[in-house]
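Any chance you could fold what I've pasted below:
(2 chains)
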2 protein chains.
Amino acid sequence: MLPTEVSTYLQGNREKHLAELFELLRIPSVANRKDDACNRAADWLANRLSMLGFHCRLPDAPGRPNVLAEKHVADDAPTVLIYGHYDVQPAEPLELWQSAPFEPEVRDGWIYARGANDDKGQLYAHIMAVEAWMHTAGLPVNVKFFIEGEEEIGSPHVDAFLAMHAAALAADTCLVSDSAFFADGLPSITTALRGLVECELTVTGPSCDLHSGLYGGAVANPINALARLVAAMHADVGRVTLPGFYDDVAEPDEAERRAWAELPLDEPLQARAIGLDALAGGERGRPLLERLWARPTLDANGIVGGYTEQGAKTIIPARASAKLSMRLVANQQPAKIVKALRMFVTDHTPPGVTARVDVRAAAPPVQARTDGPAMDAATAALAEAFGREAVLIRCGASVPVTEVIQRRLGVDPVMMGFGLPDDRLHSPNERFALKQLHGGAHASAAFLRRFACRFADSH
Amino acid sequence: MLPTEVSTYLQGNREKHLAELFELLRIPSVANRKDDACNRAADWLANRLSMLGFHCRLPDAPGRPNVLAEKHVADDAPTVLIYGHYDVQPAEPLELWQSAPFEPEVRDGWIYARGANDDKGQLYAHIMAVEAWMHTAGLPVNVKFFIEGEEEIGSPHVDAFLAMHAAALAADTCLVSDSAFFADGLPSITTALRGLVECELTVTGPSCDLHSGLYGGAVANPINALARLVAAMHADVGRVTLPGFYDDVAEPDEAERRAWAELPLDEPLQARAIGLDALAGGERGRPLLERLWARPTLDANGIVGGYTEQGAKTIIPARASAKLSMRLVANQQPAKIVKALRMFVTDHTPPGVTARVDVRAAAPPVQARTDGPAMDAATAALAEAFGREAVLIRCGASVPVTEVIQRRLGVDPVMMGFGLPDDRLHSPNERFALKQLHGGAHASAAFLRRFACRFADSH
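Predicted coordinates for the structure are as follows:
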């Protein structure tokens, strides 16, 4: 259990902490904007952590500033790295917000603001926890912060940055709070994320748009050909047909399957929430969570070709293209999958057109260890803070930084998120429950102490 | 042979006629513009024909004015209806024109202007011919003109108009000069046009765009489903798979096949002209002209769905749609084909999405008789004017008015076009060869006389 003085401190400073978080939320640090708001958010955080006694730096590097902060308490104590990001998604469309996105307010126990959850609120829970220790019993571990400013635009510089600053960021574990509970009241640790390959498939035919009457039947149609290629990438049963696509896929073990089957999941309700009768996508014969968490997918994200305005224009277009994304799972390798895609396209391009694949981004899947001192500490800390044993879940999305942390720093991220499923990330009226902010701060504080003990036990 | 006085008149009035045609070409009667240029073109034509002695009317009707003109010479003479249109395609992009589109000029024996060929120039050849007869020996037949102003926007009002004015336009044959020679020096009569069904196929999935990481594998993707539907509409060999699609298709007879095989056609050259190695579209095992002229097709003219801007956005889109056009041949019926398409879409829509077909336009194919007095007269007139026997060809495109003329007026259109294959219709630097204008006037004049004789012989 957390020492009383620490939990009392957290309890007693709720208003102060909320006021501080509001200051941070008022800075419109939208990642894709060119103003100085991101610099101001980074400065605010560096200043905040400096006043706590952290040694802070904003190293020169391409892109938005990264905040590095360190508090060393003892050479024989383990080091906990805490990751977060201060950049947020754009708030538009503004007219759908009930209160202004950068004027945070509390309504019915929820903080409403862009970034309230993602990720300023979740990050702030850790700052609150660290402060509580520092103003009372003192930190039980060495703490480092790595706070990024480009997560929402795909962390384009994080790999180079971590390669450069790996030594400064060396740690025994890394907490990442940028995820959510599986359900309200059910604390969860995310142990795997899917990887991602993004590419564009372009089919080119004649050198210009042609009259479909004068050329229809003579010239292969790039849209028809593209449709044929995209369609051929799936078999009837929802399986991806790229050769070798499933070769390296690690099946979840029986214990995981059993655990997932027990999670509270109302499929018809989820389907209705997005206007569907059923969640009918993906491979047939596999349960929903397995399809989402443990199976790779191939989705077209966009397609365009020929005449797309109102009315008709009877042409055979010169070209058509589709944006495709593949979500990968352990142990698929992006390079191998890209190769399979290229080969498939070459083999399936009909005569009379040419096809080309441009890869835009590739991130490997992440699978973190599900045992060890950090996982034990996180599970226990969540149970202590939220009164219920944490479940291990996965996430179908990709958070590129987690793979970089794993690869560059050699530590598995502990994805202990405090969000709730309906927090409207990236959407109007983003929110974060006060109970999650306070519970998160409690869990973070508990984690630091428990990790110190477990780490000592295991070394 | 044409009486010498008629051919001498044509010969002697070339400069006057060109100056008059230039007046008409200077009126920017773009069909889709809202200014008064179309009215001015209609007035100019009515005035021109009135001065010749025609009784002219511009009946009140929805849309751009139609010019009706009639010159009755004898109750026992047959009546020739001449169709043309004064509206033109937009001239944009203007910067690609070597001379201004509505400032006609002659360069190297070609008239350059928007409408020089399509259809002001071809129409004017008939006016020249009629004038030559009227100023010399007198017209050998009764002549009516029906000059439309909405051909380039799909003749939306022509069916209702001809239904209303069928009696006034009653004739024994109808000349339509809105087509081209198969090759320079090879006069041609077009005997069939393909029909057209235009529709939009929309596939709808979730009620909003979804995160492809959080939903990929759970939700059927409307783009993937649309690709699957469009792809399924063709078999590998280029055949359309809609049930019954080919049931009513009339095969060309052996004589036609032999004649088409003898036409001068350089496939590799044609392919290179549009940036292709080969003309590889359509059904395998059938020659190019058969695929273009006598076989139906299904082409996607446009497709759009999901994210189509620069870069990536990893979504599963809420919807995707494709514009499809089918070119039909005799004796396919648009209504039957639409029904087959709807049934096919219903049968092939994958689970988890809904699909819907909206029909935008439907025009039946046209097949005109290839014998009879009008065809004989046209063949002989072209031979007389251009020194070579005319060939019978078809055209893969659709000219909706021809089917309406056939159905509403009960006469088969004689599609005696004077254009050349590279006249750049609808494109910058549209042109019309002076020799085609003069040859066309000669052919028109010769037709009127020859038709008078043949018609008398056959009645």
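
Pull out the buried positions in whichever strand or helix holds A:L214.
The secondary structure element spanning A:L214 is helix A:212-215 (assigned by DSSP states H and E). For helix A:212-215, a neighbour-count test (16 or more other CB atoms under 10 Å in any protein chain shown) marks A:S212, A:G213, A:L214, A:Y215 as buried. (C-beta placed from N, C-alpha, C; glycine too.)

Equivalent analysis for stretch A:341-361, please.
Result for stretch A:341-361 [16+ other CB under 10 Å]: buried residues A:341-342, A:344-345, A:348-350, A:352-353, A:355, A:357, A:359, A:361.

average pLDDT for that stretch?
Mean pLDDT, taken over the full extent of stretch A:341-361, equals 95.

ok, and what's touching it?
Outside stretch A:341-361, the residues that touch it by CB atoms under 8 Å, 6 or more residues apart in numbering or on different chains are A:154, A:196-205, A:219-220, A:222, A:225-226, A:228-229, A:232-233, A:241-243, A:324, A:326, A:338, B:276, B:278-281, B:311-312.

do stretch A:121-130 as well
Applying CB under 8 Å, 6+ apart, the contact partners of stretch A:121-130 are A:10, A:13, A:17, A:20-21, A:24-25, A:48-49, A:52, A:71, A:82, A:84-86, A:111, A:115, A:139, A:143, A:145, A:147, A:175, A:177-178, A:417-419, A:432, A:436-437, A:440-445, A:447-448.

circling back: tell me which other helices or strands the helix holding A:L214 touches.
With contacts defined as 3 or more CB pairs under 8 Å, 6 or more residues apart in numbering or on different chains; DSSP states H and E, the packing partners of helix A:212-215 are strand A:315-316, strand B:297-306, strand B:319-328.

For the helix or strand that that helix is followed by, C-alpha coordinates in PDB please.
Taking DSSP H and E as the definition, the helix or strand that follows helix A:212-215 towards the C-terminus is helix A:222-232. Presented in PDB, the C-alpha positions along helix A:222-232 are these (Å, rounded to 0.1, in the frame of the first residue of the first chain):
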ATOM      1  CA  PRO A 222      -7.400   1.300 -64.600                       C
ATOM      2  CA  ILE A 223     -10.300   1.500 -62.100                       C
ATOM      3  CA  ASN A 224     -11.500  -1.900 -63.100                       C
ATOM      4  CA  ALA A 225      -7.900  -3.200 -62.800                       C
ATOM      5  CA  LEU A 226      -7.400  -1.600 -59.400                       C
ATOM      6  CA  ALA A 227     -10.700  -3.000 -58.200                       C
ATOM      7  CA  ARG A 228      -9.500  -6.400 -59.400                       C
ATOM      8  CA  LEU A 229      -6.200  -6.100 -57.600                       C
ATOM      9  CA  VAL A 230      -7.700  -4.900 -54.300                       C
ATOM     10  CA  ALA A 231     -10.400  -7.500 -54.500                       C
ATOM     11  CA  ALA A 232      -7.900 -10.300 -55.100                       C
END
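
Show me what the next helix-or-strand element following helix A:222-232 is packed against.
Next in sequence after helix A:222-232, counting helices and strands by DSSP H and E, comes helix A:254-261. Identification of packing neighbours for helix A:254-261 by 3+ CB pairs under 8 Å, 6+ apart yields helix A:288-293, strand A:391-395.

now the next helix-or-strand element following helix A:254-261, how far from the chain's geometric center?
Toward the C-terminus, helix A:254-261 is succeeded by helix A:267-273 as the next helix or strand (DSSP H and E). When C-alpha coordinates are averaged (CA atoms, centre = their mean, to the nearest Å), helix A:267-273 and its chain have centres 23 Å apart.

any residues touching helix A:267-273, and which ones?
With CB under 8 Å, 6+ apart as the contact definition, helix A:267-273 has outside contacts at A:D277, A:A278, A:L279, A:L288.

please redo it, this time with the cut-off set to 6 Å
Under the contact criterion CB atoms under 6 Å, 6 or more residues apart in numbering or on different chains, helix A:267-273 has outside partners A:A278, A:L279, A:L288.

give me the number of residues near the residue lying closest to the first one once chain neighbours are set aside?
Counting by CB to CB, 6 or more residues apart in numbering or on different chains, the nearest residue to A:A278 once its immediate chain neighbours are dropped is A:A271, at 5.2 Å. By other CB atoms under 10 Å in any protein chain shown, the residues close to A:A271 number 19.

Many thanks, I have nothing further to ask.
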